[in-house]
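> test case, fold it:
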Amino acid sequence: MKKSSRYSGIERYVGRTPLVRLHALSERTGCEILAKAEFMNPGGSVKDRAALGIIEDAEKSGVLPLGGTIVEGTAGNTGIGLTVIGAAKGHPVVIVIPETQSAEKIQLLRTLGADVHTVPEKPYSSPENYNHIACRLAEDNAWFWANQFDNTSNRQAHYHTTGPEIWEQTSGEINAFISAVGTGGTLAGTALFLKEKNPKISIGCADPYGAAMWSWFTHGNTDTKDGDSVAEGIGQSRVTKNLDGIEVNQAWRIPDQEAVTILYHLLRDEGLFLGLSSGINIAGAVRAAREGGPGQTIVTILCDSGAKYQSRLFNRSWLVEQGLNDALPLDSIF
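The predicted model follows:
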């Protein structure tokens, strides 16, 4: 007997995440500061959306055959998404990841079944950059290279899912969308959809120090000689294909301490356990609220949970080594 089609595998449960109100920040700014709870995706992050879009587009085009191997260079979350969804669809996954990423992410990838290659961290200009190594592995083994940075299936996934979900969840009453940039897919795809719906929606980029997107959107260059950040998975030094043609209305440099202060407030007072990229996004949303004034509805992204960063962000000794303080009051950012 043919099985019922009413039920689906885990890959069908990517997206449709709730929009959470951040109470204290909303009340302090007089705005509705809302955030997509992307840690509720099957692989635990916003990158599940890109992973699913990339895999399904590759399957449809024939470049990823049934049972074909996927290889990707990743800071962690895209690799986790590819591994989870790849397993659900019968694809082995090979991951190349900088050895500087958290031990929790590397171990989780291996636990999920990925073949993980840790490599020294090198800039994109080096042939030993993790992305270039992944590309060579694909060429040498006839594997499918996901190429999340320049594969525009990434931003299309957000155009078709994240943007429409936000529009529906806010009943179209959204004034601004804020996102940091890793590959650029989340910012670009969501912005493209929302701007089509209402060109007056402001798009903002929250950038960690040491990254280039604030400079790109503000001055048209990629000068990154302005500091550093401990953020993982965001902070781009080049304009990826996912960012081609994207216009941003506002961009801000976000210090790590500001993001850490927000993270610990949300953990202690609102029950949200998040990674640093979420803190940077929320700090950007607060900037948009303060600059644009009360009455706005501002949406951002809670990229992933704090579970993969417990040995770092949620380890006081590590924070002290980085010159960061987990005990500053929320008032310190206002």
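> please, where are all the helices along the stretch 1-150 of the chain?
Shown for the stretch 1-150 of the chain, the helices assigned by DSSP state H, counting those that start in this stretch span residues 23-29, 47-61, 77-89, 103-112, 130-141.
> mind putting these into TSV with mean neighbour count and mean pLDDT?
Placement of C-beta: from N, CA and C, glycine included. Converted to TSV, these look like this (neighbours: other CB atoms under 10 Å; pLDDT from 0 to 100):
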stretch	mean neighbour count	mean pLDDT
helix 23-29	17	98
helix 47-61	23	98
helix 77-89	26	97
helix 103-112	17	95
helix 130-141	17	98
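> quick one: which of those is nearest residue 298?
helix 23-29 (8.5 Å; CB to CB).
> in the stretch 201-334 of the chain, what spans have low per-residue confidence?
Along the stretch 201-334 of the chain, no part satisfies pLDDT under 70.
> for it, just list every one of the helices.
Assigned by DSSP H, counting those that start in this stretch, the stretch 201-334 of the chain shows helices spanning 213-219, 256-270, 276-292, 316-321.
> show me what counts as buried in the first one.
When you say that, I think you mean helix 213-219. Applying a neighbour-count criterion of 16 or more other CB atoms under 10 Å, the buried positions in helix 213-219 are 213-217.
> likewise for the second one?
Counting neighbours by 16+ other CB under 10 Å, one finds that the buried residues in helix 256-270 are 256-267.
> output that helix in PDB, but only the C-alpha positions, please.
Coordinates of each C-alpha in helix 256-270 appear next as PDB, following Å, rounded to 0.1, in the frame of the first residue of the first chain:
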ATOM      1  CA  ASP A 256      31.500  43.100  20.300                       C
ATOM      2  CA  GLN A 257      30.800  44.400  23.800                       C
ATOM      3  CA  GLU A 258      27.500  46.000  22.800                       C
ATOM      4  CA  ALA A 259      26.400  42.700  21.300                       C
ATOM      5  CA  VAL A 260      27.600  40.700  24.300                       C
ATOM      6  CA  THR A 261      25.600  43.000  26.700                       C
ATOM      7  CA  ILE A 262      22.500  42.500  24.600                       C
ATOM      8  CA  LEU A 263      23.000  38.700  24.600                       C
ATOM      9  CA  TYR A 264      23.400  38.400  28.300                       C
ATOM     10  CA  HIS A 265      20.300  40.600  28.900                       C
ATOM     11  CA  LEU A 266      18.200  38.400  26.600                       C
ATOM     12  CA  LEU A 267      19.600  35.300  28.300                       C
ATOM     13  CA  ARG A 268      18.900  36.500  31.800                       C
ATOM     14  CA  ASP A 269      15.700  38.500  31.300                       C
ATOM     15  CA  GLU A 270      13.900  37.100  28.300                       C
END
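> which other helices and strands does it contact?
Judged by 3 or more CB pairs under 8 Å, 6 or more residues apart in numbering; DSSP states H and E, helix 256-270 is in contact with helix 23-29, helix 276-292.
> what's the most buried one of those?
helix 276-292 (a mean of 26; mean count of other CB atoms under 10 Å).
> which residues touch the residue nearest to residue 263 when sequence neighbours are not counted?
Nearest non-adjacent residue to residue 263, counting by CB to CB, 6 or more residues apart in numbering: residue 279, 4.2 Å away. Counting by CB atoms under 8 Å, 6 or more residues apart in numbering, residue 279 touches 258-260, 262-263.
> show me which pair in those residues is furthest apart.
Longest span within the contacts of residue 279, CB to CB: 258 and 263, 9.9 Å.
> spell out the residue ranges of the strands in the stretch 101-250 of the chain.
Assigned by DSSP state E, counting those that start in this stretch, the strands in the stretch 101-250 of the chain fall at 115-119, 144-145, 176-179, 202-208, 250-254.
> surely residue 114 touches residue 79?
Yes: between residue 114 and residue 79 there is a contact under CB atoms under 8 Å: 6.4 Å.
> which neighbours do these two share?
93, 95.
> what sits closest to residue 235 if chain neighbours are left out?
Among residues not flanking residue 235 along the chain, residue 211 sits closest, at 3.7 Å (CB to CB, 6+ apart).
> re the thing from before, closest to residue 11 among the contacts of residue 279?
In terms of CB to CB, no member of these lies closer to residue 11 than residue 263, at 29.9 Å.
> gap between the closest one and residue 19?
To residue 19, residue 263 is 19 Å away according to CB to CB, to the nearest Å.
> can you give me every residue that contacts residue 74?
Listed by CB under 8 Å, 6+ apart, the contact set of residue 74 reads 82, 95-97, 130, 148.
> can we see that at 10 Å?
With contacts defined as CB atoms under 10 Å, 6 or more residues apart in numbering, residue 74 is in contact with 47, 51, 80-83, 95-98, 101, 105, 109, 114, 130-131, 134, 146, 148-149, 182-183, 233.
> residue 79 now?
By CB under 10 Å, 6+ apart, the contact list for residue 79 reads 43, 47, 51, 70-73, 86, 93-97, 101, 105-106, 108-109, 112, 114, 116, 134, 146, 148.
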